[in-house]
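# this is a predicted model, with the sequence first.
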Amino acid sequence: LPFFFYLLGPRYKSWNGVWEIVKIGVTVILTFLVCWAPLISTAGDVLVRMFPFNRGLFEDKVANFWCSVSVVIKFKELFSRFILAKMSLFLTVLTVLPSQLLLFRHPTYNSFILALTNSALGFFLFSFHVHEKTILIPLTTIMLLFQQAREPAL
């Protein structure tokens, strides 16, 4: 998401920007098709592995929102898997969207790194069935913030 908003931000106001948006869109779609072409015959299996709805809302060892709150509220008992997936999607979008809109309005390097960090943390905390290794993604972007904080001001 941050890459999309970072590229779209400076281009949405002009007609010349519309042509650039079309070029970026075609490039993204072609890249997607090239990457997925070898997996077409097994696309169903790949999607099941990418979106493991059958495995449940969370694993017991992942310290995200769902695992932490389930001590008090038994989500798995109160809601169906379908409703939990929708709740997860809603909360993930709700937490990620504000920083993406800020990035869209002010596409700077600093706002890009902040949006990247917020997006990674939002997906880790609220996504459906997060693996414990997923915390490495937000930690990587946080390291970029630490590097920025260490650089002396010019």
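Noted; the coordinates are in hand.

# tell me where the model's unsure across this protein.
Along the chain, the model assigns pLDDT under 70 to residues 13-15, 17, 48-63, 129-131, 149-154.

# just checking, what packs against the lengthiest helix in it?
In the chain, taking DSSP state H as the definition, the longest helix is helix 81-105. Here helix 81-105 touches helix 2-8, helix 75-78, helix 109-126, going by 3 or more Cβ pairs under 8 Å, 6 or more residues apart in numbering; DSSP states H and E. (Each C-beta comes from the backbone N, C-alpha and C, glycine too.)

# who does the very next helix or strand once past the first one touch, helix- and strand-wise?
Per DSSP states H and E, the first helix or strand lying C-terminal to helix 2-8 is helix 15-36. Using 3+ Cβ pairs under 8 Å, 6+ apart, the elements in contact with helix 15-36 are helix 2-8.

# and the helix it packs on, what's buried?
2, 5-8 (16 or more other Cβ atoms under 10 Å).

# now these in CSV, please, with extra columns for distance to Leu89.
CSV is the format used below for those (distance: Cβ to Cβ, whole Å):
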residue, distance to Leu89
Pro2, 18
Phe5, 18
Tyr6, 23
Leu7, 24
Leu8, 22
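
# what is the nearest of those residues to Lys74?
Pro2 (34.2 Å; Cβ to Cβ).
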